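J.: below are the sequence and a predicted model for it; my questions follow.
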Amino acid sequence: MARTPASKTTTRPLVERHRAIQRSQDARDRAAPAARKKSKAVQAGARVQPETLTGQKLAKPGREKDMTLRPRYTAPGYEGSGKLAGMSAIVTGGDSGIGRAVAVLFAREGADVAIVYLSEKADAEETQAAVEAEGRRCLLIQGDVRRSAFCQRAVERTVKAFGRLDVLVNNAAFQMHADALEDISDERLDLTLQTNIGGYMRMARAALPHLKNGASIINTGSRTGLQGSRNLIDYSATKGAIHAFTKALALNVIDRGIRVNAVAPGPVWTPLNPADKTAADVRKFGKETDFKRVAQPEELSPAYVFLASPVCAGYITGIVLPVTGSVAAI
């Protein structure tokens, strides 16, 4: 009679354990297939945020006042503690979206804020009112960050009004989708490059002579600069350039005690996207993240406070901080 090899005899109990675990999991899968497949938006913040977006299309550059679902920027659960007390900041693209939310929290932390905006006067005035409601001064400066002379004037006006400059937030951006690189004209390419990376470099160049030890520059990057985007080729390229610019400038000015960092947002509910995407795409915006929803500007702004505050980030420079709503952003 043939004998069973000893090795087979000793491994048989382990094989049975494998199969028992498999049968147990199969039973669970059959019992709850809907629960396993159902994907709910994640709410892990201070208050419940909107999960359903309106399929709205805005005319460029996009005005926040025209949005039927208004972005949330007030961060009512955030209490200031003087992290930026006595400081002065410039926020480009500060009239709406992330820029507005950053301006409000900067003011709540004790900073005076200059808002640089392109044309959306009503939005800028609403931001100004929100900053002043926090007890701080707010200066509105309208112009085009693609122009060196304007960037110089914006910095000089800020220093004249507030007596100093401590933080520059480069946030202004142009975005327009395209199905193919061949669809991007030279005019469009120039507008994207000169606004998104050229404007950042010009504003930083104008600001640096006024920044002293302990000051900082914060650039708004993007998850598209980390991962790319098939329909935002030129925009993604500028955001990747912003990340590299952040690191290079951080190395260049560290001996002056000036820190340079970036925040890389994921999908955020601002006028930028309804002014770019189709109404159908707007409704799905943010569903692809692990949070299964778009972020509100008030969920991004504390990251800027953290990076601006010497008491929080005095030993941090040259980083790109991903706030993307997803794991494995970098």
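T.: Great, that's in hand. Residues are numbered from 1 along each chain as shown.
J.: contacts and neighbour counts: CA atoms only from here.
T.: OK.
J.: ok, residue 251 touching residue 319?
T.: No: using Cα atoms under 8 Å, residue 251 is not in contact with residue 319; the gap is 11.1 Å.
J.: which one's more surrounded, the two?
T.: Using other Cα atoms under 10 Å, the more surrounded residue of residue 251 and residue 319 is residue 319, with 19 against 15.
J.: tell me which residues of the strand or helix carrying residue 161 come out buried.
T.: Element membership of residue 161, judged by DSSP states H and E, is helix 148-162. Judged by neighbour count using 16 or more other Cα atoms under 10 Å, the buried positions of helix 148-162 are 148, 150, 151, 152, 154, 155, 156, 157, 158, 159, 162.
J.: try stretch 117-133
T.: 117-118, 120, 123-132.
J.: which of the buried residues of helix 148-162 lies closest to residue 94?
T.: Nearest to residue 94 among these is residue 154, at 13.1 Å by Cα to Cα.
J.: my guess is that closest one contacts residue 141. True?
T.: Yes: counting by Cα under 8 Å, residue 154 touches residue 141, with 6.5 Å between them.
J.: mutual contacts of those two, please.
T.: residue 116 (Cα atoms under 8 Å, 6 or more residues apart in numbering).
J.: may I have the host helix or strand of residue 242 as PDB, with CA atoms only?
T.: Here residue 242, judged by DSSP H and E, is contained in helix 233-253. Only the C-alpha atoms of helix 233-253 are listed here, as PDB (Å, rounded to 0.1, in the frame of the first residue of the first chain):
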ATOM      1  CA  ILE A 233      -1.800  69.100 -20.100                       C
ATOM      2  CA  ASP A 234      -0.500  72.700 -19.900                       C
ATOM      3  CA  TYR A 235      -2.000  73.400 -16.500                       C
ATOM      4  CA  SER A 236      -0.400  70.200 -15.100                       C
ATOM      5  CA  ALA A 237       2.900  71.200 -16.500                       C
ATOM      6  CA  THR A 238       2.700  74.600 -14.800                       C
ATOM      7  CA  LYS A 239       1.800  73.000 -11.500                       C
ATOM      8  CA  GLY A 240       4.700  70.600 -11.700                       C
ATOM      9  CA  ALA A 241       6.900  73.600 -12.500                       C
ATOM     10  CA  ILE A 242       5.500  75.400  -9.400                       C
ATOM     11  CA  HIS A 243       6.500  72.400  -7.200                       C
ATOM     12  CA  ALA A 244      10.100  72.500  -8.700                       C
ATOM     13  CA  PHE A 245      10.200  76.300  -8.300                       C
ATOM     14  CA  THR A 246       9.200  76.000  -4.700                       C
ATOM     15  CA  LYS A 247      12.100  73.600  -3.900                       C
ATOM     16  CA  ALA A 248      14.600  75.600  -5.900                       C
ATOM     17  CA  LEU A 249      13.700  79.000  -4.400                       C
ATOM     18  CA  ALA A 250      13.700  77.400  -0.900                       C
ATOM     19  CA  LEU A 251      17.300  76.400  -1.400                       C
ATOM     20  CA  ASN A 252      18.200  79.800  -2.800                       C
ATOM     21  CA  VAL A 253      16.800  81.900   0.100                       C
END
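J.: mean confidence score for it?
T.: For helix 233-253, the mean per-residue pLDDT is 97.
J.: now, the most widely separated pair of the buried residues of stretch 117-133?
T.: 118 and 132 (20.7 Å).
J.: now do the buried residues in stretch 26-34.
T.: Quick answer for stretch 26-34: no buried residues (16+ other Cα under 10 Å).
J.: now the helices for this structure?
T.: 6-31, 33-37, 97-108, 121-133, 148-162, 186-193, 199-207, 223-227, 233-253, 279-284, 301-308, 310-313 (DSSP state H).
J.: most tightly packed of those?
T.: Among the helices of the chain, the stretch with the highest mean neighbour count (mean count of other Cα atoms under 10 Å) is helix 97-108, at a mean of 29.
J.: which strands and helices sit next to that helix?
T.: Counting contacts by 3 or more Cα pairs under 8 Å, 6 or more residues apart in numbering; DSSP states H and E, helix 97-108 packs against strand 88-92, strand 112-117, helix 121-133, helix 301-308.
J.: ok, which of the ones you listed comes nearest residue 24?
T.: helix 301-308 (44.1 Å).
J.: and residue 148, how far from residue 169?
T.: With distances taken as Cα to Cα, to the nearest Å, residue 148 is found 17 Å from residue 169.
J.: all set now, cheers.
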